[in-house]
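sequence first, predicted model second:
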Amino acid sequence: MLKLTSRSKVAELQNGPPGMMRILVSTGIFRDGDDPEVTIGELCWNFGFNPGILLNMLQSANIREEAPPIDIAPFKAMPLLELVEHIEDVHHRYLRENLPVLTGLTSQVAAEHAGDERLAVLDTEMQKIAFELESHLAHEEEALFAMVRDLALRGTVKATRCGDAVGGPIACMETEHDAATETLKKMRELTDGYTAPADADETWQQMLAGIARFDQDMIEHMYKENRVLFPRALDAQRGKSR
Ligand SMILES: [Fe+2]
Ligand SMILES: [Fe+2]
C-alpha cells in the first residue's frame, strides 16, 4: 500500500495499484503524457481542486496488491508485436477452448445437485463471466490489439470503433478486468478455494480443477495486460505522437 500525501508524486501513483491512476485521470487534472514528477498538491493548486478530496478518492483505490503471479521481465523485454501475439495465442486461445467446457461442467454439476445453493450461484457466475469474456476478448482484439499492431508496424493508429487513441479501450479493459477479478474472488469463496467436498463425484472434481486453472490463467493474463501491455501501448503512442 502506498503512503499518500499531497507531496506524493504522480510517478508514485503510476507504480502503485492501477485503480489510482484511473481515478486521477478521471478528474481531468492529469492527462496521459503530462509530467509525472508533479506532486498531488501542485496539481490541485494549479487546478483549484481540493487536495483532501482527491486524496480520499485515491485512497479508495490504494489497496494492497497480491504478489506478482509471474516473472514479468521477459514480457517487458518482448517486442510489442510479439507480446500481443503471445497473449492471443496463449490466453485468448485457452479461454476460447475452455470456457464452453467450464460453463458446461458448472451447469451439469448444478443440475445434478439441484438443492445446492452455492453450486447454483457458481453456475450463474460462470455463465456470466464466460459471456462477458467473450466480448472482452473480441473488444481487445478488434480495438486495442489492432491499434497496438498499427503502432508497432506503422507508428500510427488507424481509428477503430474505440477512437484513435489506445487510452480509450485501455480504460474499458481495465474496468472489465476489475469486474472479472471480483467474480473470480466470489467463485473462490463459493468453492472454499476450489476444495472438493468429501462427497464430490468425478465431474464435480473435474469442474473445480478446471475453474482453478481458469482462475490462475486469468490472473496471469490480466497481469500481463495491466502491468505490461497497457503501459507499453500508452508509451508507444506517446513516443510516436510527440
Ligand atoms: Fe486479453
Ligand atoms: Fe483483457
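Nice, thanks for sending it over. Ligands and ions are numbered 1, 2, ... in the order given.

got a list of what residue 30 touches?
10, 24, 38, 43 (CB atoms under 8 Å, 6 or more residues apart in numbering). In short, each C-beta sits where N, CA and C put it, glycine included.

excluding chain neighbours, what is closest to the second one?
Excluding its sequence neighbours, the residue lying closest to residue 24 (CB to CB, 6 or more residues apart in numbering) is residue 30, at 5.1 Å.

does the one you found count as helix, strand or coil?
Secondary structure, DSSP: H, G, I helix; E, B strand; the rest coil: residue 30 is coil.

could you check the pLDDT of it?
Note for residue 30: predicted pLDDT of 93.

so what does the helix or strand of the chain with the lowest mean pLDDT touch, helix or strand wise?
Of all regular secondary-structure elements in the chain, judged by mean pLDDT, DSSP states H and E, the least confident is helix 230-241 with a mean of 82. Under the contact criterion of 3 or more CB pairs under 8 Å, 6 or more residues apart in numbering; DSSP states H and E, helix 230-241 touches helix 80-86, helix 145-154, helix 167-190.

show me what contacts residue 163?
Residues in contact with residue 163 (CB under 8 Å, 6+ apart) are residue 169.

picking that back up, which of the helices and strands packed on helix 230-241 is buried the deepest?
Ranked by mean neighbour count, the helices and strands packed on helix 230-241 are led by helix 145-154 with a mean of 19 (mean count of other CB atoms under 10 Å).

if we can go back for a sec, and the least confident helix or strand of the chain with helix 167-190, angle?
Angle of helix 230-241 versus helix 167-190, following axes from the mean of the first three to the mean of the last three CA atoms, to 10 degrees, is 180 degrees.

would you indicate which residues of helix 230-241 are buried?
Neighbour-count burial for helix 230-241 flags 230, 231, 232, 233, 234, 236, 237 (criterion: 16 or more other CB atoms under 10 Å).
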